[in-house]
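Asker: turn this into a structure:
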Amino acid sequence: MSVAVRHAERRDLEAITALYNHFVETTAVTFDVGAFTAAEREPWFAQFAKAGPHQLFVAEMDGAFAGYAGSMAFKPKKAYSTSVETTVYVPPEIGGRGVGRALYERLFSALAGEDVHRAYAGIALPNDASIRFHQRFGFKEIGTYREVGRKFGRYHDVTWFEKGLP
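Answerer: Okay, the predicted model is just below:
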């Protein structure tokens with residue numbers, strides 16, 4: 001199967017939202033606790049552009065939606081403008097087939113020409129697969145917020161990782 005990665009378009013929002021909702025409703029990898037409609041995700045989607053540090057890419061396998069990755073503002077204050085937070089979501093049934101890798105390769109290739117100094121990723125624990133994935137991309141662990149989020153009746157830690165960008 002071939003993986004193609006391209007900039008996300010408005011027509012992708014339904015599929016992006018459905019995939020994200022799967023993780024919202026069944027896992028603690030995100031601390032959102034309720035599903036969204038595509039309309040509710042419009043403001044989130046609006047932050048992305050085809051140029052600049054805030055980008056969103058989708059992957060397709062044999063023409064079908066297969067995941068997304070993006071870079072968003074790390075924090076809203078101006079001094080943080082050269083830092084981004086990254087995210088990647090791939091349907092569990094196709095994990096391990098190179099989709100996440102293709103998405104991050106495209107994302108970091110796009111960020112290479114931008115005024116971005118650091119990328120950050122927060123990983124809710126436990127999530128060994130995501131930790132290994134981010135480490136393969138050069139992310140280094142920088143610290144853990146203990147019991148920072150409560151979902152599904154229990155507290156979860158979040159370990160933060162950073163990656164220097166050229």
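Asker: from here on, contacts and neighbour counts on C-alpha atoms
Answerer: Noted.
Asker: all helices for the protein, in order.
Answerer: When assigned using DSSP state H, the helices of the chain occupy the ranges 13-26, 42-46, 99-111, 128-136.
Asker: take these and write them to a markdown table, including distance to residue 58, mean neighbour count and mean pLDDT.
Answerer: Compiled in a markdown table, the helices of the chain are given as follows (distance: least, CA to CA, whole Å; neighbours: other CA atoms under 10 Å; pLDDT from 0 to 100):
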| stretch | distance to residue 58 | mean neighbour count | mean pLDDT |
| --- | --- | --- | --- |
| helix 13-26 | 8 | 17 | 98 |
| helix 42-46 | 12 | 13 | 95 |
| helix 99-111 | 7 | 20 | 97 |
| helix 128-136 | 18 | 15 | 97 |
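Asker: low-confidence ranges, the protein, go.
Answerer: Residues of the chain meeting the criterion pLDDT under 70: 1.
Asker: switch the cut-off to 90
Answerer: Counting by pLDDT under 90, the low-confidence segments of the chain come to 1-2, 49-52, 95, 113, 166.
Asker: nearest the geometric middle of it, what residue?
Answerer: In the chain, the centroid-proximal residue (CA atoms, centre = their mean) is residue 87; its distance is 1.2 Å.
Asker: which residues sit in contact with that one?
Answerer: Contact criterion CA atoms under 8 Å, 6 or more residues apart in numbering gives 69-71, 121 as the residues in contact with residue 87.
Asker: sounds good, over and out.
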